[in-house]
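S.K.: Just need the structure, nothing else, for what follows:
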Amino acid sequence: MAASRICVITYDSFSRPDAVVREVVARLRAAGLRLGGLLQDGRPGNATECAMLFLEDIGTGQRIQAFEQREIDARGCRLDASGLATAATWLRQAVEDQPDILFVNRFGRQEVERRGLLDEIALAVAVEMPIVIAVNRSLLPAWHAFAGPDATYVAADADQIAGWCLDQAKRVAHT
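M.R.: Prediction:
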């Protein structure tokens, strides 16, 4: 049986994987792998202010803010539709460029609701490229319904993730 082409980083609301994924990307670049996709960083929101969320195109380094800047008295955070559309374009281009490893920042609530980056994630899954994607443990049933259970599941551990990526790159090189 062939090893899964998908590495799912499981996390919960207390353990965001963003810094670990950024470290893995740096390690893999140093190893000479061609990488594509999206990185995410920011700070969580609270009762009085919206979260700050940035998405970065791994290939170009371009960054966008993913939440709308809302007025002080506005309630709740809203994803910026134009920012999300830009991120979708970046992710689709990364899939088309066929990197050694594709990083997808999240399979999140937007994707569960059949929005967000779902089409681009589906394309990457369909072409069977090696994918690293973060999925909150609470959304694993929705992930399984979308992509099936066949994946390698890891915690947000840079050594495990980088090891999986290097194994995938070796497999691809030998096919």
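S.K.: switch to C-alpha atoms for all contacts and neighbour counts from now on
M.R.: Will do.
S.K.: what about Arg5, distance to Ala169?
M.R.: When Cα to Cα, to the nearest Å is applied, the distance between Arg5 and Ala169 equals 10 Å.
S.K.: For Ile133, give the beta-bridge partners.
M.R.: With DSSP bridges as the criterion, the beta-bridge partners of Ile133 are Val8, Val104.
S.K.: Which residues are in contact with it?
M.R.: In this structure, Ile133 makes contact with Ile6, Cys7, Val8, Ile9, Phe103, Val104, Asn105, Arg106, Phe107, judged by Cα atoms under 8 Å, 6 or more residues apart in numbering.
S.K.: Could you report the neighbour count for Val172?
M.R.: Neighbourhood size, Val172 [other Cα atoms under 10 Å]: 12.
S.K.: so Thr10 is in which element?
M.R.: Using DSSP states H and E, Thr10 falls within strand 6-11.
S.K.: List the buried residues for that strand?
M.R.: Along strand 6-11, these residues count as buried under the neighbour rule (16 or more other Cα atoms under 10 Å): Ile6, Cys7, Val8, Ile9, Thr10, Tyr11.
S.K.: Stretch 55-66 too?
M.R.: For stretch 55-66, a neighbour-count test (16+ other Cα under 10 Å) marks Leu55, Glu56, Asp57, Ile58, Gly59, Arg63, Ile64, Gln65, Ala66 as buried.
S.K.: Looking at those, which are in strands?
M.R.: Leu55, Glu56, Asp57, Arg63, Ile64, Gln65 (DSSP state E).
S.K.: among those residues, which two are most distant?
M.R.: Longest distance between any two of these is 11.9 Å, between Asp57 and Gln65; criterion Cα to Cα.
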